[in-house]
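> Sequence plus predicted model, see below.
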Amino acid sequence: MTKNKKTVVLGATSKPEKYAFKAISMLVQKGHSVIAIGQNAGEAAGVKIQTKAIPLKNIDTVTLYLNPASQRDYYNYIVEAQPKRVVFNPGTENPELYQLLELNGIQAEVACTLVLLATNQY
């Protein structure tokens, strides 16, 4: 049994074919608390998608489904949340943000949330 890791999904969507939706579904299925933040309101796997940055605390992981240019709006938000780690899914790699995270003692992990969950490495 894995420990519940409170996770923020940035770039959340209610479109079932998208990887962010699949990640939310698998996180919920594996018993993790999920906060979903996306451009459009909606729902993914029973999780309401927030369209504004809401206050965060006790966050284990932020998993990104935003391209590097879109991530800039969230730099301070992520750092202020002080997660243990930020997962950069394929296509979200961002050396500028890696540096910022490192300066703030936050682990940057280039990986795929779906693979980490499927192989019990999350």
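Nice, I can see it.
> which residues are in contact with the top helix by length along the chain?
As assigned by DSSP state H, the longest helix anywhere in the chain is helix 19-29. Here helix 19-29 makes contact (Cβ atoms under 8 Å, 6 or more residues apart in numbering) with 7, 9, 11-16, 34, 36, 38, 44-47, 63, 65, 89, 113-114, 117-118. Every C-beta, even on glycine, is put in place using the N, C-alpha and C of the backbone.
> So which residues of this protein form strands?
7-10, 34-37, 42-44, 47-50, 61-64, 85-88, 107-110 (DSSP state E).
> Could you export those as a markdown table, including mean pLDDT and mean neighbour count?
Formatted as a markdown table, these follow (pLDDT from 0 to 100; neighbours: other Cβ atoms under 10 Å):
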| stretch | mean pLDDT | mean neighbour count |
| --- | --- | --- |
| strand 7-10 | 98 | 25 |
| strand 34-37 | 98 | 22 |
| strand 42-44 | 98 | 18 |
| strand 47-50 | 98 | 17 |
| strand 61-64 | 98 | 25 |
| strand 85-88 | 98 | 23 |
| strand 107-110 | 98 | 15 |
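> Excluding covalently adjacent residues, which one is nearest to Val86?
Val62 (4.7 Å; Cβ to Cβ, 6 or more residues apart in numbering).
> ok, now how distant is that neighbour from Pro16?
22 Å (Cβ to Cβ, to the nearest Å).
> how much space between the residue nearest the centre of the chain and Ile78?
With distances taken as Cα atoms, centre = their mean, the residue of the chain nearest its centroid is Thr63 (2.2 Å). Between Thr63 and Ile78 the computed distance is 11 Å (Cβ to Cβ).
> Next: Ile35.
12 Å.
> now Cys112
Taking Cβ to Cβ, one finds Cys112 at 19 Å from Ile78.
> between the two, who's got more neighbours?
Comparing Cys112 with Ile78 by other Cβ atoms under 10 Å, the one with more neighbours is Ile78, at 23 against 16.
> Need the nearest residue in space to the more buried one, chain neighbours excluded.
Val62 (5.5 Å).
> I figured the one you found hits Lys84, correct?
No: contact criterion Cβ atoms under 8 Å: Val62 and Lys84 do not qualify, at 9.4 Å.
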